[in-house]
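Asker: okay, here's the prediction I keep looking at, along with the sequence it came from:
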Amino acid sequence: DNQEEYLDQLQQYNLTEDCPIFEGLFEFCRLYTGGSIDGAVRLNHQQCDIAINWSGGLHHAKCAEASGFCYVNDLVLAILELLKYHARVLYIDIDIHHGDGVEEAFFTTDRVMTVSFHKYGDNFFPGTGALRDVGQGRGKYYSVNVPLKDGMDDTGFQRLFKPIMTKVMEVYQPGAVVLQCGADSLSHDRLGCFNLSLDGHADCIRFMKKFKVPLMVTGGGGYTKSNVARCWTYETAAVCDQKLKDDIPLNDYYEYFADGNYKLKQPHSIVDNMNTKAQLNVLRQSVMEHLRAIEHAPAVQMQEIPPDHFLPEFDDNYEEGDPEDRISQQERDQMIVGDNEFYDDVGERL
């Protein structure tokens, strides 16, 4: 209601156009970001082998601005949590859009390797993720970009994904893996232009599971809501080594799936694959050359593990007093003043 009063701040933090403000925005950010951080904490304490947060994976958000429907980059915060216990963390992105926010956050460090398979060119958002973008400083060659063209299908995608990820796991030896599974790389997506099936998409999860490294799986983009639901349901089953029937059972949202005749799996779109076999071979060889520049997995100096911090719950029933009211002596007695404070009225309530 009062957003016009804060237009300068909204523009400063890019809270316009594709990142609009809406009622409940802060709670939304708290929930999806907290889910990814909690998943990382559980992986750190070996409370699970695989953590899932389908509401997370908002990979475009930057340190000081929102971008591409992403407000807070939960992936970066989860990776920072994993780095408390793991010397190296690997981030993989199979969303059709480049994972620019995560890459930017770790572009100059060797403690996080980012690998993104995405559409590149034709002014496609966000316009980053060229093959030549490999990191800087200590992070040189630890950013891996696999730029693709329209119409990418299962066969071509796996021809790149499996050998590249095998080599990455061999040379980098991560202690944990974060896999962003944006569903907009599926066939029939309203904004995407790839032609992946549910199996082609989920095969990435199945393949990474084989390395038996702590794994976090998140959601991401996806603009055909029925197919997003199909994708992440199917991939939850893949994580749990379960098989699902192709007929979608009756449920409260059954009619949403009439677009696919109430089936789980959908046929491929009839589109041309602009990625030729020769081009994919050259792309794979180029990526492999970058990876060969990494002589060995980088070491990390031993240090004290930071504690796990949990944000306190907000009390919705708490009513802040009138700042004009005088503080009673009893309330003053309940204050603690630090030794380094120089004002009598500055304290911290118990």
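Answerer: That came in fine, so what should we check first?

Asker: name the element the residue lying closest to residue 143 once chain neighbours are set aside belongs to?
Answerer: Nearest non-adjacent residue to residue 143, counting by Cβ to Cβ, 6 or more residues apart in numbering: residue 135, 3.9 Å away. Every C-beta, even on glycine, is put in place using the N, C-alpha and C of the backbone. If you go by DSSP states H and E, residue 135 is not part of any helix or strand.

Asker: need the helices for this structure, in chain order.
Answerer: Using DSSP state H, the helices assigned to the chain run over residues 7-12, 25-44, 74-82, 100-105, 154-172, 198-209, 225-239, 277-292, 329-333.

Asker: any chance of JSON lines for these, columns distance to residue 140 and mean neighbour count?
Answerer: Below are the helices of the chain laid out as JSON lines (distance: least, Cβ to Cβ, whole Å; neighbours: other Cβ atoms under 10 Å):
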{"stretch": "helix 7-12", "distance to residue 140": "32", "mean neighbour count": "11"}
{"stretch": "helix 25-44", "distance to residue 140": "26", "mean neighbour count": "19"}
{"stretch": "helix 74-82", "distance to residue 140": "19", "mean neighbour count": "24"}
{"stretch": "helix 100-105", "distance to residue 140": "13", "mean neighbour count": "24"}
{"stretch": "helix 154-172", "distance to residue 140": "14", "mean neighbour count": "18"}
{"stretch": "helix 198-209", "distance to residue 140": "25", "mean neighbour count": "19"}
{"stretch": "helix 225-239", "distance to residue 140": "33", "mean neighbour count": "19"}
{"stretch": "helix 277-292", "distance to residue 140": "9", "mean neighbour count": "14"}
{"stretch": "helix 329-333", "distance to residue 140": "56", "mean neighbour count": "9"}
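
Asker: ok, the residue positioned nearest the centre of the chain - contacts?
Answerer: Of all residues in the chain, the one closest to the mean position by Cα atoms, centre = their mean is residue 57, 2.8 Å from it. Residues in contact with residue 57 (Cβ atoms under 8 Å, 6 or more residues apart in numbering) are 74-75, 95, 180-182, 218-221.

Asker: most surrounded residue in these?
Answerer: Using other Cβ atoms under 10 Å as the neighbour test, these are led by residue 75, with 30 neighbours.

Asker: related to what we said a few turns ago, Serialize the helices of the chain to a markdown table and add fields for distance to residue 255.
Answerer: As requested, the helices of the chain are arranged in a markdown table below (distance: least, Cβ to Cβ, whole Å):
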| stretch | distance to residue 255 |
| --- | --- |
| helix 7-12 | 37 |
| helix 25-44 | 26 |
| helix 74-82 | 31 |
| helix 100-105 | 36 |
| helix 154-172 | 29 |
| helix 198-209 | 20 |
| helix 225-239 | 10 |
| helix 277-292 | 40 |
| helix 329-333 | 58 |
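
Asker: tell me which of those lies nearest to residue 298.
Answerer: Residue 298 lies closest to helix 154-172 among the helices of the chain, at 8.3 Å (Cβ to Cβ).

Asker: could I have the CA atoms of the closest one written out in PDB?
Answerer: Output of helix 154-172 as PDB, limited to C-alpha atoms (Å, rounded to 0.1, in the frame of the first residue of the first chain):
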ATOM      1  CA  ASP A 154      18.100 -36.200 -23.100                       C
ATOM      2  CA  THR A 155      20.800 -37.800 -25.100                       C
ATOM      3  CA  GLY A 156      22.800 -34.700 -25.700                       C
ATOM      4  CA  PHE A 157      22.400 -33.500 -22.200                       C
ATOM      5  CA  GLN A 158      23.600 -36.700 -20.600                       C
ATOM      6  CA  ARG A 159      26.500 -36.900 -23.200                       C
ATOM      7  CA  LEU A 160      27.800 -33.800 -21.500                       C
ATOM      8  CA  PHE A 161      26.600 -34.200 -17.900                       C
ATOM      9  CA  LYS A 162      27.900 -37.600 -17.000                       C
ATOM     10  CA  PRO A 163      31.500 -37.300 -18.300                       C
ATOM     11  CA  ILE A 164      31.900 -33.700 -17.000                       C
ATOM     12  CA  MET A 165      30.600 -34.500 -13.600                       C
ATOM     13  CA  THR A 166      32.700 -37.700 -13.400                       C
ATOM     14  CA  LYS A 167      35.800 -35.600 -14.100                       C
ATOM     15  CA  VAL A 168      34.700 -32.900 -11.600                       C
ATOM     16  CA  MET A 169      34.200 -35.400  -8.800                       C
ATOM     17  CA  GLU A 170      37.500 -37.000  -9.600                       C
ATOM     18  CA  VAL A 171      39.600 -33.800  -9.500                       C
ATOM     19  CA  TYR A 172      37.700 -31.700  -7.000                       C
END
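
Asker: which residues touch the residue nearest to residue 145 when sequence neighbours are not counted?
Answerer: Once flanking residues are discounted, residue 145 sits nearest to residue 129: 4.6 Å by Cβ to Cβ, 6+ apart. Remark: with contacts taken as Cβ under 8 Å, 6+ apart, residue 129 is in contact with 98-100, 103, 116, 118, 120, 145, 147.
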